[in-house]
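Participant: heads up, no residue letters with this:
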């Protein structure tokens, strides 16, 4: 998390963490098989997204002479394949970026398969660290789908909770801390002027925009204006909901009619966040992702299993309309498991 938030590091530390996470992910896969009594020999393929420690979807001039976009996910898939003996596909984002896409969002490919409907326009909203939305118009073809990161999800709130509780809590369960505070209108107005919110899609956000450094700015503002921690948490929680609603009004409603909003991610369990979002989007029916056969907690794992399956068969598994890529591409690098 320290690296993902942009802290100074070394190539040695990144290399070490890449291998440590590979071992951890392999252990997690085998532990899951034991827990649900699935013989590991019955698993044919693993899809591993990895842990993002840097993502810059838009090209800029870096250390060299070229303008480049870049991304880095760690969690070495070669270790997963070796420890489990199972063919593993990982590192999905670079192929989309090579095709001049932003390497994100990738889950819309699976949202389209799961949620398209001939008569109802739907949007799939995932409120994780970052909030992202996939818009699937009624009767949509793949090229009609569009998606983007609306802005922060739980990232700012989680960082503030950790800071205020000195690491004893990592999130605001049931929004209890936020509900005990009061909204700070002047801070909310300041946050709603964040330039990212006005930037048109396709666009991606991450810790570079809304990570620890952003949370520290909010905390410093609160200290100067003598706002209580609970007030800052309530304001940050409401900001997440309003930024999502703002994205709908700016970028979704002018392009598509949305009848149903399918919500997944940790934010779906935050009652304050969901109530505020429902109030801002009247006329749209809010639904839990679990109603469509894939539990909200399993949604992203399911998605990368599907992306891996498509890649294994050499089929395109990105949506250029979502990532901005110039063409469809096969995402993911394949590492063969041990011979059986």
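Facilitator: Right, received. Where do you want to start? As the structure is a prediction and not an experimental result, all values here were calculated from the model. Residues are numbered from 1 along each chain as shown.
Participant: show me where this structure has its strands.
Facilitator: For the chain, applying DSSP state E gives strands covering 46-48, 51-61, 67-74, 88-90, 122-127, 130-136, 146-152, 260-264, 285-288, 333-335.
Participant: what's the angle from the third one to strand 51-61?
Facilitator: Think strand 67-74. Here strand 67-74 points in a direction 170 degrees away from that of strand 51-61 (axes from the mean of the first three to the mean of the last three Cα atoms, to 10 degrees).
Participant: shouldn't residue 268 be in contact with residue 290?
Facilitator: No. Taking contacts as Cβ atoms under 8 Å, residue 268 lies outside contact range of residue 290: 9.5 Å. Placement of C-beta: from N, CA and C, glycine included.
Participant: between those two, point out the one with more neighbours.
Facilitator: Comparing residue 268 with residue 290 by other Cβ atoms under 10 Å, the one with more neighbours is residue 268, at 21 against 15.
Participant: got phi/psi on the residue nearest to residue 202 when sequence neighbours are not counted?
Facilitator: Among residues not flanking residue 202 along the chain, residue 324 sits closest, at 3.9 Å (Cβ to Cβ, 6 or more residues apart in numbering). Torsion angles at residue 324 (phi, psi; degrees, to the nearest 10) stand at phi 90, psi 10.
Participant: nearest spatial neighbour of residue 221, skipping sequence neighbours?
Facilitator: Closest to residue 221 by Cβ to Cβ, 6+ apart is residue 187, at 6.1 Å.
Participant: go on, residue 252?
Facilitator: Distances taken as Cβ to Cβ, 6+ apart place residue 135 nearest to residue 252, at 5.5 Å, with adjacent residues excluded.
Participant: and what of residue 82?
Facilitator: Distances taken as Cβ to Cβ, 6+ apart put residue 338 closest to residue 82, at 7.1 Å, once the chain neighbours are dropped.
Participant: what about that neighbour, how many residues close to it?
Facilitator: Each residue near residue 338 was counted by other Cβ under 10 Å, and the total is 11.
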